[in-house]
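> got a sequence here, can you model it:
(4 chains)
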2 protein chains.
Amino acid sequence: MTAPTHADETPAGPDIDDEVLLLLRRADQRYTTGRRRLVAALQSGDGPLTINQILDVDRSLAQSSVYRNLMVLEQVGAVVRIVTRDEFARYELAEHLTEHHHHLICTSCGDVADFALDDSMESSLDEALHKAADTRGFAVDAHRLDLLGTCGDCG
Amino acid sequence: MTAPTHADETPAGPDIDDEVLLLLRRADQRYTTGRRRLVAALQSGDGPLTINQILDVDRSLAQSSVYRNLMVLEQVGAVVRIVTRDEFARYELAEHLTEHHHHLICTSCGDVADFALDDSMESSLDEALHKAADTRGFAVDAHRLDLLGTCGDCG
DNA sequence: TCTGGGACTGATAACGATTCTCACCCTCGG
DNA sequence: CCGAGGGTGAGAATCGTTATCAGTCCCAGA
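Alright, predicted model coming up:
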């Protein structure tokens, strides 16, 4: 269990829990124990998790429910689905619940970790992206930046 | 981008064809007509293509051969596999056969188009990425930058 | 508190993109 | 011209993901 920044005791962090609850309510959905467990599991890594990793973190979760609830949480905007190069989809809490960040994808073991650019770089990048997209008549919602390489464990 | 200069009779543009041939030879693989057709098909769009799009471009290709040959071409380094948000994998010619670029991914229709950042932005980004990765003990091979939003057709 | 209905769950079946299998073809060296 | 691999194509098999469905739980109203 590695809550990124704050060291706290509650399963999913009270702030995030509240946020998720709100998002679910807004869509007439309930925040059940299974969903709370799922959100807590997603927080336990320092990067996006695969279904199997989630099931591994919390054995009390049923596979079909995990798939279904991840779908719900994604529609609600609490969770983001990520596809890397390998065959498994990965999920993580949405950015507005955490912080803007990017991914370090290890092409050897397939693991994904988070990292962030410093603010000035991030904003000038953002500006450049919007400019580039505009000339193509493309309306940007978000950007996604991944680094491919080998992680410390594999290197 | 498509064959930049001369319009020729050969399916895939002589320069790229030669490059691919070399890559295949290096791995003791042949550059058969089916593979040439495949490479030509990949050049026909201005972005990565799905298997179905490829089959659509050239009806003479067999699905299983397309899958197999894309795998071969990927191992050889002539083709890159890309996974977006939707359920289909997409393939495009490797960067050293074309130019460094990024992707505009339409979250509405799922289509993918290419775009490039200007050089100064690209290199300062690259530098920032390496710096960020170094502090995590991560060795960067490449980066991948996608813009998510709606394309002109869907907007 | 009781009750009804709708949301949620979990086991299982179905789905579908991708991969594997295998018999046949084609190409290249001798 | 022949033989040995690599390539091909049609279909079967794989496996992550989705859909189904009966049973359970939770909330609102009586």
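> show me which residues of chain A sit near chain B.
A:81, A:83-85, A:104, A:106-107, A:113, A:115-118, A:121, A:124-125, A:128-129, A:132-133, A:136-152, A:155 (C-beta under 8 Å from any C-beta of the partner chain). Every residue, glycine included, has its C-beta placed from N, CA and C.
> contacts only, for residue A:39.
For residue A:39, the contacting residues are A:12, A:16-17, A:20, A:73, A:78, A:93, by C-beta atoms under 8 Å, 6 or more residues apart in numbering or on different chains.
> and the top strand by length along chain A with strand B:139-150, angle?
Using DSSP state E to define each element, chain A has its longest strand at strand A:139-150. Here strand A:139-150 runs at an angle of 160 degrees relative to strand B:139-150 (axes from the mean of the first three to the mean of the last three C-alpha atoms, to 10 degrees).
> so what strands line up beside strand A:139-150?
If you go by DSSP bridges, strand A:139-150 pairs up with strand A:102-106 (parallel), strand B:139-150 (antiparallel).
> now the first one: buried residues?
Judged by neighbour count (16 or more other C-beta atoms under 10 Å in any protein chain shown), strand A:102-106 contains these buried residues: A:102-106.
> which of these sits closest to residue A:47?
Nearest to residue A:47, judged by C-beta to C-beta, of these is residue A:103 at 6.9 Å.
> what's near enough to touch the closest one?
Contacts of residue A:103 by C-beta under 8 Å, 6+ apart are A:47-48, A:82, A:84, A:112-115, A:145-147.
> filter these down to the ones in strands?
A:82, A:112-115, A:145-147.
> give me the buried positions along the longest helix along chain A.
Longest helix in chain A, counting residues (DSSP state H): helix A:119-134. Along helix A:119-134, these residues count as buried under the neighbour rule (16+ other C-beta under 10 Å): A:121-122, A:125, A:128-129, A:132-133.
> with stretch A:88-101 instead?
A:89-94, A:97-98, A:101.
> and which of those is nearest chain B?
Closest approach to chain B among the buried residues of stretch A:88-101 (C-beta to the nearest C-beta): residue A:89, at 9.2 Å.
> return the residues of chain A in contact with DNA strand C.
Contact residues, chain A versus DNA strand C (C-beta under 7 Å from any atom of the strand): A:24, A:28-30, A:32-35, A:60-65, A:68-69, A:72.
> tell me the mean pLDDT over the longest helix of chain A?
Across helix A:119-134, pLDDT averages out at 93.
> the residue nearest to the spatial centre of chain A pairs with what?
Computing the C-alpha centroid of chain A and ranking residues by C-alpha atoms, centre = their mean puts residue A:92 first, at 2.0 Å. Beta-bridge pairing of residue A:92 under DSSP bridges involves residue A:80.
> which residue does chain A have closest to DNA strand D?
Proximity of chain A to DNA strand D (C-beta to the nearest atom of the strand) peaks at residue A:89, 3.2 Å away.
> for chain A, what helix or strand is lowest in average pLDDT?
Lowest on mean pLDDT, DSSP states H and E among the helices and strands of chain A sits helix A:14-26, with a mean of 89.
> which elements pack onto that one?
Helices and strands touching helix A:14-26, as assessed by 3 or more C-beta pairs under 8 Å, 6 or more residues apart in numbering or on different chains; DSSP states H and E, comprise helix A:33-43, helix A:63-76.
> domains for chain A, by residue range?
Here the domain parsing of chain A from automatic domain parsing is A:1-99, A:100-155.
> contacting residues for the spatially closest residue to residue A:84 that is not a sequence neighbour?
Distances taken as C-beta to C-beta, 6 or more residues apart in numbering or on different chains put residue A:105 closest to residue A:84, at 5.2 Å, once the chain neighbours are dropped. Counting by C-beta under 8 Å, 6+ apart, residue A:105 makes contact with A:84-85, A:111-112, A:146-149.
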